[in-house]
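[1] what shape does this take:
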Amino acid sequence: MSENLFRQPDGPRCIYVLDDDPDICRLVSSTLREFGFEIVACHSAAALRRLLQVRVPDLCIVDLGLPDADGMDVVRELQARYACGVMVLTGRGYLSDRVMGLELGADDYVVKPFEPRELVARVRSILRRRDKSHSTSAPSEARSQLAEFAGWRF
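    Coordinates of the predicted model:
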């Protein structure tokens, strides 16, 4: 099912920010909140996995340099198990890292330092592409499993 179970169709889009640097988390979170996104920040892969058990966001922004996991493994896991967008936001700017991140399923790869307004544009672009692909390519079986009630989609 491609729809988020906990978000009303017209409500704010939910984004998880995974970065072990509290300053980066604050910058990304405050910037995206200014543009109407609901943000949940976490500082470890374990914390992200706990959040994913409760709610799958529309997008995960993932740093590759994490204290408890390889960020590339997190990207691979998100791509394989969850119907959410994935953006890599990292200090690793080597071509091999960028290519690997995109090959593993990231929708975009942004290198630090970054321009906050450009980050917002890239987030919106990912969400637009995902919305289009899910609305036009969802199999009829998945569509028939959707239920709507009081503005909620299940």
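
[2] helix or strand with the lowest mean pLDDT in this protein?
    helix 140-144 (a mean of 45; mean pLDDT, DSSP states H and E).

[3] count the neighbours of the closest residue to residue 125 other than its chain neighbours for me.
    Once flanking residues are discounted, residue 125 sits nearest to residue 108: 7.5 Å by CB to CB, 6 or more residues apart in numbering. In short, each C-beta sits where N, CA and C put it, glycine included. By other CB atoms under 10 Å, the residues close to residue 108 number 19.

[4] you'd agree residue 108 is up against residue 87?
    Yes - with contact defined as CB atoms under 8 Å, residue 108 reaches residue 87; the gap is 4.7 Å.

[5] what touches both of the two?
    122, 126 (CB atoms under 8 Å, 6 or more residues apart in numbering).

[6] follow-up on the earlier one: what about the residue nearest to residue 125, distance to residue 68?
    24 Å (CB to CB, to the nearest Å).

[7] repeat that for residue 24.
    Counting by CB to CB, the gap from residue 24 to residue 68 is 17 Å.

[8] compare those two (neighbour count), which wins?
    Taking other CB under 10 Å, residue 24 and residue 68 do not tie; residue 24 has more neighbours (20 against 13).

[9] make sure that one is actually in contact with residue 112.
    Yes - between residue 24 and residue 112 there is a contact at 7.2 Å, judged by CB under 8 Å.

[10] find residues that contact each of those two.
    residue 89.

[11] next one: the top helix by length along the chain to chain centre, how far?
    The longest helix of the chain (DSSP state H) is helix 116-137. Centre-to-centre, helix 116-137 and its host chain are 10 Å apart (CA atoms, centre = their mean, to the nearest Å).

[12] elements contacting it?
    helix 22-34, strand 59-62, strand 85-90, strand 108-111 (3 or more CB pairs under 8 Å, 6 or more residues apart in numbering; DSSP states H and E).

[13] go with 10 Å
    Here helix 116-137 touches strand 14-18, helix 22-34, strand 59-62, strand 85-90, strand 108-111, going by 3 or more CB pairs under 10 Å, 6 or more residues apart in numbering; DSSP states H and E.

[14] out of those, flag the one nearest residue 98.
    strand 108-111 (4.9 Å; CB to CB).

[15] list the buried ones in the closest one?
    By 16 or more other CB atoms under 10 Å, the buried positions in strand 108-111 come out as 108, 109, 110.
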